[in-house]
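Asker: Give me coordinates for this.
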Amino acid sequence: MLMLPDTFVFAAGPAGAGHGPGWWFGFAGGRLLVQDADDHVPHGAHAPWGETGDTLLLGFLDGRPCRARALPEDFVPPPGLRLEGLRALWGRLPEALLGVAGQAAQVLAWDADHRWCGRCGTPTERRADERSRQCPNCGHSHYPRVSPAIMVRIERGDEILLARSPRFLPGVYSVLAGFVDAGEALEQTVVREVREEVGLELRDLRYVTSQSWPFPHSLMIAFTAQWAGGDIAIDGEEIVAADWFRRDALPGLPSPMSIARHLIDDWLRRGA
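Answerer: Numbers count the residues shown, from 1 in each chain. Model (predicted):
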């Protein structure tokens, strides 16, 4: 499952605030700059894209600085390097580096989206002492955006509810998910989303775990629940198919890097 490693220490400021060789996370068009030889993020004392202006310090992984920069859309990688999407790098890039790359993608997207103050339109400035951009005119501070969303594994006896969104790859089903609305508690979001998308009632709602999901800035909060009543009635928009599945007859499943797959794999292990 995609996670920021426990050995990562948060920091903020310009790239020069982290001294010595480290990891360089460059993104162009949503793709990460990696080495052809081993799929790793470039490491060294110097940025692989040349000058380090506009490069951010993310923090330190095992004591080594991690720096990130948004590269131009038409960036041409130097020899020995290429650009690749984060999802495609699962299982090839070490999980610790993939976790930091996920944070880098979110921080860079936030930094690009808040160059101007949303209150007065003045260009904002990065603060060196925290992860924020501040307006020099009105003083308003802009912090990285995090959008909370729930996922829930619903069980009925020895079956699990899996559903299909029109956005999924062909044949793939997953657990239900939905964004938290203003004023909602997480538990209320779970109940609402399940009623809206498949028309079911729940009991025994339990928190499991959470995951930062950098596509583009979600915080996924996972739950399990038991079916309490109702027949499946899909909404036809967010969900185009849903059904109860047994362990020996599962459809295509989501990526192992997702918290959805973590919930499904945990259910499979419990029945082994």
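
Asker: Residue ranges of each domain in this structure, please.
Answerer: 8-113, 147-270 (automatic domain parsing).

Asker: nearest to His140, of these?
Answerer: With Cβ to Cβ as the measure, domain 8-113 is the member of these nearest His140 (14.6 Å). Yep, even glycine has a C-beta here, placed from its N, CA and C like the rest.

Asker: Kindly check the end-to-end length of the closest one for me.
Answerer: End-to-end span of domain 8-113 (Cα to Cα, to the nearest Å): 25 Å.

Asker: Run the chain-centre distance for that domain.
Answerer: 16 Å (Cα atoms, centre = their mean, to the nearest Å).

Asker: Let me see the mean pLDDT of that domain.
Answerer: Domain 8-113 comes out with an average pLDDT of 92.

Asker: Figure out which of the domains of the chain is closest to Cys120.
Answerer: That would be, of the domains of the chain and by Cβ to Cβ, domain 8-113, which comes in at 16.5 Å.

Asker: Could you measure from the residue positioned nearest the centre of the chain over to Ser147?
Answerer: By Cα atoms, centre = their mean, the chain has its centre lying nearest to Trp213, at 1.2 Å. Distance of Trp213 to Ser147, given as Cβ to Cβ, to the nearest Å: 9 Å.

Asker: Need the residues touching each of those two.
Answerer: Leu219 (Cβ atoms under 8 Å, 6 or more residues apart in numbering).

Asker: thinking again about what came up before, give me the spatial nearest neighbour of the residue nearest to the centre of the chain, chain neighbours excluded.
Answerer: Met220 (5.0 Å; Cβ to Cβ, 6 or more residues apart in numbering).

Asker: cool, and Leu200?
Answerer: Nearest residue to Leu200, sequence neighbours excluded (Cβ to Cβ, 6+ apart): Gly230, at 4.3 Å.
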